[in-house]
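**Q** dropping the sequence and predicted coords here.
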Amino acid sequence: MQNKALENTVYVLAAGAFGVFLRWLQLQLAFDENGLCGPSVFNFVVPLYLIAAAWLLRSRVRQTLGSRYTVPEQYGEALANPGKLYAFLRWLFGAMMAMGGLLLIRGSETEKHTAMLRVLGVASMLAGLAFSFYLELANREIKAKRRRFLCLMSLLPILLFAVWLVYDYINNAINSVVWDYLIEVLTVSTLMLAFFRLAGFAYGQVDAEKTLFWLEFGILMSLVVLADERSTSMQIIFFSAGMMLTLAHFILLRRVREKTEEDKAGEKKKEEAEPDNNGFDKL
């Protein structure tokens with residue numbers, strides 16, 4: 001399954017790279033010298049590409065899992081990543097995000113929303129360290145006290161992007177050019193959902209298909225958003241978040257296994273127990 005996992009991950013990264021190119025073309029051709037967005041075919045191409053990419057990624061996830069395969073729901077079994085290479089990568093990406101947060105704090109003095117950027121920087125530093133611990137603990141035995149710590153670590157990346165949404169609202173409250181911030185808001189929302197689905201392993205609430213889809217779409221959006229102009233520190237945070245999801249995605253794909261009768265019975269029981277919540281469960 002390792003070759004299949006690597007192949008799927010490369011496909012997602014390639015889709016994200018092409019999305020960066022389309023977004024860059026939109027910024028070059030659709031915006032005038034005053035920063036206003038005018039009529040351009042790329043104002044239709046970019047959203048159509050994102051919709052098509054989301055549909056294709058969802059289809060590939062369903063094809064990968066089908067009705068026969070699933071991802072283990074147990075945290076340790078699903079996210080185990082032993083070895084020096086995994087250790088290097090998880091701490092590298094975590095350190096990158098923490099470094100982005102530190103640079104954001106240092107550069108916030110000359111920005112308009114200094115206090116908010118400092119909060120965002122601290123949240124980035126905590127989230128970077130939390131992700132590294134979240135994957136590292138998958139290689140150890142999880143006891144009651146460690147389980148509580150694990151749940152806390154899984155929440156910090158979600159908190160980071162929740163704070164980022166608030167920052168985007170404050171920063172763009174009077175900005176009439178929607179295309180200036182639309183991609184960033186979509187990316188932040190997607191990353192929040194991706195880390196939310198990844199946190200499900202800590203809480204024992206896992207949906208394999210939705211988890212893999214949001215991880216893949218989060219990787220794509222974290223690359224697309226890099227075409228926009230913003231501070232280097234924020235670019236580092238977005239990039240490191242995408243690499244975190246890439247690593248988690250690869251690890252999960254390597255754990256794909258054939259469904260057992262116990263898995264099928266558990267799915268049937270879960271479907272019968274789920275209440276009608278107006279479609280929010282589809283996320």
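**A** Thanks, I have it. Numbers count the residues shown, from 1 in each chain.

**Q** helix/strand/coil for the closest residue to L159 other than its chain neighbours?
**A** Nearest residue to L159, sequence neighbours excluded (C-beta to C-beta, 6 or more residues apart in numbering): A123, at 6.0 Å. In short, each C-beta sits where N, CA and C put it, glycine included. Here A123 is recorded as helix under DSSP: H, G, I helix; E, B strand; the rest coil.

**Q** burial check on A123, number of neighbours?
**A** When neighbours are defined as other C-beta atoms under 10 Å, A123 has 22 of them.

**Q** which residues touch it?
**A** By C-beta atoms under 8 Å, 6 or more residues apart in numbering, the contact set of A123 is G101, L156, L159, L160, V163, W164.

**Q** one more time with 7 Å
**A** By C-beta atoms under 7 Å, 6 or more residues apart in numbering, A123 lies in contact with L159, L160, V163.

**Q** now rank these by neighbours and give me the top one.
**A** L160 (28 neighbours).

**Q** now for the helix or strand that residue falls within, which elements pack on it?
**A** Following DSSP states H and E, the helix or strand that holds L160 is helix 144-171. Judged by 3 or more C-beta pairs under 7 Å, 6 or more residues apart in numbering; DSSP states H and E, the packing partners of helix 144-171 are helix 114-136, helix 178-203.

**Q** just want the angle from the shortest one to helix 178-203.
**A** Comparing the axes of helix 114-136 and helix 178-203 via axes from the mean of the first three to the mean of the last three C-alpha atoms, to 10 degrees yields an angle of 40 degrees.

**Q** now helix 114-136: how far from the chain's centre is it?
**A** 14 Å (C-alpha atoms, centre = their mean, to the nearest Å).

**Q** output that helix as PDB, restricted to C-alpha atoms.
**A** Extracted C-alpha coordinates of helix 114-136, given in PDB (Å, rounded to 0.1, in the frame of the first residue of the first chain):
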ATOM      1  CA  THR A 114      -0.900  44.100  16.100                       C
ATOM      2  CA  ALA A 115      -2.700  42.400  19.000                       C
ATOM      3  CA  MET A 116      -4.600  40.000  16.700                       C
ATOM      4  CA  LEU A 117      -1.500  39.100  14.800                       C
ATOM      5  CA  ARG A 118       0.300  38.300  18.100                       C
ATOM      6  CA  VAL A 119      -2.500  36.100  19.200                       C
ATOM      7  CA  LEU A 120      -2.400  34.400  15.800                       C
ATOM      8  CA  GLY A 121       1.400  34.000  16.100                       C
ATOM      9  CA  VAL A 122       1.100  32.400  19.600                       C
ATOM     10  CA  ALA A 123      -1.600  30.000  18.300                       C
ATOM     11  CA  SER A 124       0.600  29.000  15.400                       C
ATOM     12  CA  MET A 125       3.500  28.200  17.700                       C
ATOM     13  CA  LEU A 126       1.300  26.100  19.900                       C
ATOM     14  CA  ALA A 127      -0.300  24.400  16.900                       C
ATOM     15  CA  GLY A 128       3.000  23.500  15.400                       C
ATOM     16  CA  LEU A 129       4.300  21.800  18.600                       C
ATOM     17  CA  ALA A 130       0.900  20.200  19.200                       C
ATOM     18  CA  PHE A 131       0.800  18.500  15.800                       C
ATOM     19  CA  SER A 132       4.300  17.000  16.400                       C
ATOM     20  CA  PHE A 133       3.200  15.600  19.700                       C
ATOM     21  CA  TYR A 134      -0.100  14.400  18.200                       C
ATOM     22  CA  LEU A 135       1.700  12.200  15.700                       C
ATOM     23  CA  GLU A 136       4.500  11.100  18.100                       C
END
